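Chemist: task: produce atomic coordinates for the following.
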Amino acid sequence: MKKNLFNWLKILMVAFYFFGGINHFLNPDFYIPLIPDYLPKAELLNLISGAAEILGAIGLLVPKTQKFSAWGIAAMLVAFIPSHIYFIQIGSCIPDVMCVDEWIGWVRLILIHPLLIYWAWIYTRP
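Modeler: Here you go, the predicted structure:
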């Protein structure tokens, strides 16, 4: 039972990051405004992060690369923290992209993001 749940959660994670990565290429106008102004080449950073999500997802499916891919996803999520902070700093609103109550930005940063990192960390263990 526990192994089945472990496997289903991995498939869910693969789908989450694979389709999220694809979305970076299909809808860059959603992601680029979330990249803080102090980071150079936002368009390139968006493409790199999309590719990283796709490669991380695929790597989770290969037993020999699962651990490395899970660490990569965790590191990528840590690298996304400045974007979450930036989103809060600008009032949790990017006109014509996404506007939410400020508390939602805080929940994403303080609760959801650490849970996503933990979820990736689970797959770093044998």
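Chemist: what lies in contact with stretch 115-126?
Modeler: Outside stretch 115-126, the residues within contact range by C-beta atoms under 8 Å, 6 or more residues apart in numbering are 6, 9-10, 13, 60, 66-67, 69-71, 73-74, 77-78. All C-beta spots, glycine's among them, are computed from the backbone N, C-alpha and C.
Chemist: please repeat the previous calculation with a cut-off of 6 Å.
Modeler: Outside stretch 115-126, the residues within contact range by C-beta atoms under 6 Å, 6 or more residues apart in numbering are 66-67, 70-71, 73-74, 77.
Chemist: list of residues touching the longest helix along the chain?
Modeler: Counting by DSSP state H, the longest helix found in the chain is helix 2-26. Contacting residues not belonging to helix 2-26 are listed as 31, 46, 50, 53-54, 56-57, 60-61 [C-beta under 6 Å, 6+ apart].
Chemist: buried stuff in it?
Modeler: Of the residues in helix 2-26, those buried by neighbour count under the rule 16 or more other C-beta atoms under 10 Å are 10, 13-14, 17-18, 20-21, 24.
Chemist: how about the helices in this protein?
Modeler: Counting by DSSP H, the helices of the chain are 2-26, 28-31, 42-61, 66-79, 81-89, 102-107, 113-122.
Chemist: so for residue 96, which of those sits nearest?
Modeler: helix 28-31 (8.4 Å; C-beta to C-beta).
Chemist: what residues sit buried inside the closest one?
Modeler: Residues of helix 28-31 classed as buried: residue 31 (neighbour count, 16+ other C-beta under 10 Å).
Chemist: and the contacts of that helix?
Modeler: Against helix 28-31 from outside (C-beta under 6 Å, 6+ apart): 24, 46, 97.
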